[in-house]
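Engineer: model the following, please.
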Amino acid sequence: MSSSVADKKREHEIAAEQFLSQKEYEKAFFHTAKAAEFTLEVALLYDKEQGLAYIDDAHGLLDVAEEIRAVMSKKTAKE
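Structural biologist: Numbers count the residues shown, from 1 in each chain. Okay, here's the model as predicted:
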């Protein structure tokens, strides 16, 4: 695995978790989406079985990003 791609994936996952815990939803959304992007890049580095596991992980991250977006929408509607 290319450590730089994997490192970027992990850096964005960590940043997303930190921003989410601080309720900084826009930044959490951005970093979650970037983590999904890098997860897909990592998937390309593996064979089919391992690659599919990373694709599933990316889908999970996109689901989280959608949940964050929903929170952002509710927050904006209240303002």
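
Engineer: which helix in the protein has the most residues?
Structural biologist: helix 48-78 (DSSP state H).

Engineer: tell me the helices and strands packed up against that helix.
Structural biologist: helix 3-21, helix 25-43 (3 or more CB pairs under 8 Å, 6 or more residues apart in numbering; DSSP states H and E). No exception for glycine: its C-beta is placed from N, CA and C like everyone else's.

Engineer: from residue 73, how far out is the residue of the chain most remote from its centre?
Structural biologist: Relative to the C-alpha centroid of the chain, counting by CA atoms, centre = their mean, residue 79 is the outermost residue, at 26.6 Å. Counting by CB to CB, to the nearest Å, the separation of residue 79 from residue 73 is 11 Å.

Engineer: next one: residue 32
Structural biologist: 15 Å.

Engineer: ok, those two, which is more surrounded?
Structural biologist: Set residue 32 next to residue 73 and count neighbours by other CB atoms under 10 Å: residue 32 wins out with 26 against 11.

Engineer: can you pull the contacts of that one?
Structural biologist: Taking CB atoms under 8 Å, 6 or more residues apart in numbering, we find residue 32 in contact with 12-13, 16, 20, 61, 64-65, 68.

Engineer: ok, now with 7 Å
Structural biologist: For residue 32, the contacting residues are 16, 61, 64-65, 68, by CB atoms under 7 Å, 6 or more residues apart in numbering.

Engineer: next, give me the two most distant ones among those residues.
Structural biologist: 61 and 68 (10.5 Å; CB to CB).

Engineer: measure the residue nearest the centre of the chain to residue 78 for me?
Structural biologist: Nearest to the mean C-alpha position of the chain, by CA atoms, centre = their mean, lies residue 32 at 2.7 Å. For residue 32, the distance to residue 78 (CB to CB) stands at 22 Å.

Engineer: could I get the buried residue list for stretch 55-75?
Structural biologist: 55, 57-58, 61-62, 64-65, 68 (16 or more other CB atoms under 10 Å).

Engineer: farthest pair within these?
Structural biologist: 55 and 68 (20.4 Å).
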